[in-house]
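> Kindly return the folded structure for what I paste below:
(one chain, ligands or ions: 1)
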Amino acid sequence: MAVIAWIGLGNMGGSMAGHLVAAGHEVRGFDLNPEAVAAAETAGVKPAAGIAEAVAGADAVFTMLPKGEHARAVYLGPDGVLAHAVTSTLLIDSSTIDIASAQALHDAAAEAGFRFVDAPVSGGMSGAKAGTLTFMVGGEAGAVADASVYITPMSANIFPTGGATSGQAAKICNNLMLFISLAAAAEGAVLADRLGLDKQTFWDIAAVSSGDSWAMRTWYPMPGVVPTAASNNDFAPTFTTELANKDIGLAISAARDTGTPLEIGEHVQQLFQRLIDSGQSGMDCSMIVKLVDGSLDA
Ligand code: NAD
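Coordinates of the predicted model:
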């Protein structure tokens, strides 16, 4: 079995790293947040004092970090992965980041003699816990195939997407659709409630009808229907509003670069921005429902 370094043990990374432990790998984990490290330790991840200790002699490094700036710092910084790993180590970034940062990581890794793939995921915290994530993997074909071996215990689907940064391109477009459908589920749920429909009955109908979506089935923002949804846990974050705003911003930026009008996406980003401006950046993004039911002064 392999030695794997895991940097970024948050809502997603902690559960994902646990599946690699369960598959028999030695996993050395590092996160700036000691609580995240402690939680991963209960799943068998061995805490490392820093990036250098985590990556020393590892067969593969996974990163699961918030944004491009964090991924650049972790890979390219003086105390980072490229400075301390051996070049035989396969580098796998599963964060959702902007295409320019992903390209910069591919370029820097190649220049330093490493193989690197961008391998963002879809499936949310529930998919991370269940080991059923979908991975979109961009890079040189041999590196993508080798990365897939490590990815398998965490995934239900692995899609090679093409060359460098193509995984991020797929992920950004997927999440544009996700957040638009989350906003749609919020509007439908509140309107159904105000029209006097039983909330469970309406959800049962939509789940087998044309209003269905992953966001509706998994992140239903109206409490009392989908037990594992954040709406039933006071909107404690499974996917923060800040990260949702980041993702839809990545789509808008890519759309500007390609001359693609995203009128609905831009409107949904304004909704997330209102949540952030009212102090909800660290709460779950399904709080968008509170802009529909009027319960948040934002
Ligand atoms: P999170 O904020 O819960 O976790 C990120 C972790 O990275 C944090 O624990 C933070 O302390 C750590 N970190 C930041 N900088 C670091 C550094 N320099 N060194 C070490 N650790 C560092 O975020 P998350 O929800 O786990 O998301 C991670 C990535 O996965 C994001 O890019 C997000 O967009 C993407 N994603 C999230 C979900 C979801 O449902 N939460 C689903 C798919 C993809």
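
> From residue 265, how far off is the single nearest residue of the stretch 1-150 of the chain relative to the ligand?
Residue of the stretch 1-150 of the chain nearest the ligand, by CB to the nearest ligand atom: residue 10 (1.8 Å). C-beta here means a position set from N, CA and C on the backbone, and glycine is covered the same way. Using CB to CB, to the nearest Å, we find residue 10 at a distance of 25 Å from residue 265.

> hey, C-alpha coordinates of stretch 284-298 in PDB?
Extracted C-alpha coordinates of stretch 284-298, given in PDB (Å, rounded to 0.1, in the frame of the first residue of the first chain):
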ATOM      1  CA  ASP A 284     -24.300  26.800   4.400                       C
ATOM      2  CA  CYS A 285     -25.100  28.100   1.000                       C
ATOM      3  CA  SER A 286     -28.600  26.700   1.200                       C
ATOM      4  CA  MET A 287     -29.400  29.700   3.400                       C
ATOM      5  CA  ILE A 288     -30.200  31.300   0.100                       C
ATOM      6  CA  VAL A 289     -33.800  30.200   1.000                       C
ATOM      7  CA  LYS A 290     -33.900  33.000   3.600                       C
ATOM      8  CA  LEU A 291     -33.700  35.600   0.800                       C
ATOM      9  CA  VAL A 292     -36.900  34.000  -0.600                       C
ATOM     10  CA  ASP A 293     -38.900  33.600   2.600                       C
ATOM     11  CA  GLY A 294     -37.700  37.000   3.900                       C
ATOM     12  CA  SER A 295     -36.500  35.700   7.200                       C
ATOM     13  CA  LEU A 296     -33.100  37.300   6.800                       C
ATOM     14  CA  ASP A 297     -32.600  41.100   6.700                       C
ATOM     15  CA  ALA A 298     -30.200  41.100   3.700                       C
END
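
> So for it, mean pLDDT?
Here stretch 284-298 scores 95 as its mean pLDDT.

> again, but for stretch 199-219
On average, stretch 199-219 scores 98.

> which residues of the stretch 51-200 of the chain fall in helices?
Along the stretch 51-200 of the chain, counting by DSSP state H, counting those that start in this stretch, helices occupy 51-55, 68-76, 81-84, 99-111, 124-130, 141-151, 166-194, 199-207.

> Please verify my assumption that residue 7 contacts residue 75.
No: Residue 7 is not in contact with residue 75 according to CB atoms under 8 Å; the separation is 9.1 Å.

> Give the intersection of the neighbour lists for the two.
Residues touching both residue 7 and residue 75 (CB atoms under 8 Å, 6 or more residues apart in numbering): 63, 81.

> The ligand versus the residue sitting furthest away from the middle of the chain, what's the distance?
When distances to the mean C-alpha position of the chain are computed (CA atoms, centre = their mean), the maximum falls on residue 196, with 35.7 Å. Per CB to the nearest ligand atom, to the nearest Å, residue 196 is found 33 Å from the ligand.

> Enumerate the residues of the stretch 101-250 of the chain near the ligand.
121-122, 124-125, 238-239, 243, 247 (CB under 6 Å from any ligand atom).

> Would you format those as CSV with pLDDT included?
CSV is the format used below for these (pLDDT from 0 to 100):
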residue, pLDDT
121, 98
122, 97
124, 94
125, 94
238, 96
239, 96
243, 97
247, 97
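
> Could you tell me which of those residues belong to strands?
Counting by DSSP state E, these place 121-122 in strands.

> To what extent is the residue nearest to residue 212 when sequence neighbours are not counted buried, counted in neighbours?
By the measure of CB to CB, 6 or more residues apart in numbering, the closest residue to residue 212 outside its immediate chain neighbours is residue 206, 6.0 Å from it. With neighbours defined by other CB atoms under 10 Å, the count for residue 206 comes to 19.

> surely residue 206 meets residue 184?
No: taking contacts as CB under 8 Å, residue 206 lies outside contact range of residue 184: 10.2 Å.

> shared neighbours, the two?
Common neighbours of residue 206 and residue 184 (criterion: CB under 8 Å, 6+ apart): residue 216.
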